[in-house]
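Undergrad: Please work out how this folds:
(one chain, ligands or ions: 1)
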Amino acid sequence: MTLTVEALSVTLGRTPVLQAVTGLRAAPGEVTALIGPNGAGKSTLLKAIAGLVRYHGEIHLETQDLAGLAHAERARRVYYLPQESTTRAALSVFEAVLLARRTTHPARGREDLERVERLLHTLALTPLAERDLGQLSGGQRQRVAIAQAIVREPQVLMLDEPTSALDLHHQLQVLAWLQATAREQSIGVIIAIHDLSLAARFADHLWMLGAGGRVCATGTPREVLSAARLREVYAIHAHVEWPANEPPRVTPLAALNPLGGVEL
Ligand SMILES: Nc1ncnc2c1ncn2[C@@H]1O[C@H](COP(=O)(O)OP(=O)(O)OP(=O)(O)O)[C@@H](O)[C@H]1O
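TA: Here you go, the predicted model:
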């Protein structure tokens with residue numbers, strides 16, 4: 001189901017954070033990376049789509065206006081995994097993922113247990129299955145939170161910086177797996193992410209937000225990522241390379257001051 005966002009505005013307190021954000025589209029089977037500098041409004045946009053902040057504008061899943069859905073139904077279809085996972089309940093990893101499954105698939109069946117087992121295996125969490133959540137490292141907890149999100153089988157899955165706590169091995173593993181899952185289950189996956197090389201490598205589509213919550217660009221990574229645009233939006237001097245037999249590379253070389261000079 002294709003998600004579309006039109007004329008979306010959000011004000012938090014007295015601060016207009018997003019202003020008439022329009023023309024955003026996330027297709028099923030695709031990974032969309034949401035990029036932009038600190039404070040641009042990435043988390044706020046994802047929270048608005050999830051119905052967690054008040055907004056004006058139109059957010060549709062195909063023809064369904066999400067504002068017309070009850071909160072639980074909206075969360076079943078469009079799930080948001082926040083940056084900081086707060087799961088600290090006295091549950092084992094296996095129980096926590098199974099419990100997440102029950103929130104959207106209440107019928108108890110052997111198939112659910114097998115699904116959770118497979119998922120833990122895929123995310124290399126099987127050795128931790130019986131461990132309490134409170135006894136996990138930050139990166140392990142982040143992978144459990146991702147398992148809890150995906151096991152719910154939403155139509156659109158939004159993850160806020162899902163690799164922020166992960167080592168390099170697990171960053172690649174989790175992003176490749178999210179890409180494969182989007183394809184296999186035909187879900188739309190939207191990831192807010194700061195690493196532009198990873199965004200270029202794993203996303204089909206980019207949404208780039210700039211200061212003041214405006215949409216600076218949307219399109220394929222090659223269409224969106226250029227040295228000139230990174231200078232304008234991030235105030236950095238960067239190399240953007242698309243080698244033939246290697247993943248794309250975005251190398252930040254220098255932060256620029258407002259006059260365009262290099263900061264000391
Ligand atoms: N409750 C609030 N009241 C007022 N302003 C807020 C509130 N929450 C967030 N903001 C402001 O909204 C803007 C967007 O915040 P948001 O967290 O969406 O940015 P972001 O792009 O996700 O940033 P980051 O990359 O740092 O995570 C920021 O300027 C922030 O200070």
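Undergrad: Tell me who's in contact with the residue lying closest to residue 9 once chain neighbours are set aside.
TA: Spatial nearest neighbour of residue 9, chain neighbours left out: residue 56 (4.7 Å); criterion: Cβ to Cβ, 6 or more residues apart in numbering. Using the backbone N, CA and C atoms, a C-beta is placed for each residue, glycine as well. With contact set as Cβ atoms under 8 Å, 6 or more residues apart in numbering, residue 56 has these partners: 7, 8, 9, 10.
Undergrad: Distance from the chain centre to stretch 97-117, please.
TA: Remark: stretch 97-117 is offset 23 Å from the chain centroid, using Cα atoms, centre = their mean, to the nearest Å.
Undergrad: what sits up against it?
TA: 76, 91, 94, 119-120, 126, 144, 147-149, 151-154.
Undergrad: could you flag which of those residues are buried?
TA: 76, 91, 94, 119-120, 144, 147-149, 151-154 (16 or more other Cβ atoms under 10 Å).
Undergrad: Am I right that residue 40 is in contact with residue 207?
TA: No: taking contacts as Cβ atoms under 8 Å, residue 40 lies outside contact range of residue 207: 10.5 Å.
Undergrad: picking up where we left off before, any chance of the buried ones among the contacts of stretch 97-117 in JSON lines, with distance to the ligand and pLDDT too?
TA: Shown next, in JSON lines, are these (distance: Cβ to the nearest ligand atom, whole Å; pLDDT from 0 to 100):
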{"residue": "76", "distance to the ligand": "24", "pLDDT": "92"}
{"residue": "91", "distance to the ligand": "28", "pLDDT": "92"}
{"residue": "94", "distance to the ligand": "31", "pLDDT": "96"}
{"residue": "119", "distance to the ligand": "27", "pLDDT": "93"}
{"residue": "120", "distance to the ligand": "29", "pLDDT": "95"}
{"residue": "144", "distance to the ligand": "21", "pLDDT": "94"}
{"residue": "147", "distance to the ligand": "23", "pLDDT": "94"}
{"residue": "148", "distance to the ligand": "21", "pLDDT": "94"}
{"residue": "149", "distance to the ligand": "18", "pLDDT": "94"}
{"residue": "151", "distance to the ligand": "25", "pLDDT": "94"}
{"residue": "152", "distance to the ligand": "23", "pLDDT": "94"}
{"residue": "153", "distance to the ligand": "26", "pLDDT": "93"}
{"residue": "154", "distance to the ligand": "20", "pLDDT": "95"}
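Undergrad: picking that back up, can you tell me which two in the contacts of stretch 97-117 are farthest apart?
TA: The most widely separated members of those, counting by Cβ to Cβ, are 76 and 126 (27.2 Å).
Undergrad: mind listing what residue 30 touches?
TA: Here residue 30 is in contact with 182, 188, 189, 204, 205 (criterion: Cβ under 8 Å, 6+ apart).
Undergrad: any weak-confidence spans in the stretch 151-264 of the chain?
TA: Along the stretch 151-264 of the chain, segments meeting pLDDT under 70 span 259-260, 262-264.
Undergrad: where exactly do the helices run in it?
TA: 168-185, 196-202, 221-224, 227-234 (DSSP state H, counting those that start in this stretch).
Undergrad: and the ligand, which of those is closest to it?
TA: helix 227-234 (11.3 Å; Cβ to the nearest ligand atom).
Undergrad: contacts for that closest one?
TA: 36-37, 196, 208, 210-211, 216-217, 236-240, 250, 252, 256.
Undergrad: domains of this structure?
TA: Structurally, the chain divides into domains by automatic domain parsing as follows: 3-225, 226-264.
Undergrad: With respect to burial, which of these scores highest?
TA: domain 3-225 (a mean of 18; mean count of other Cβ atoms under 10 Å).
Undergrad: is stretch 155-171 anywhere near the ligand?
TA: No: applying Cβ under 6 Å from any ligand atom, one finds stretch 155-171 separated from the ligand by no less than 6.9 Å.
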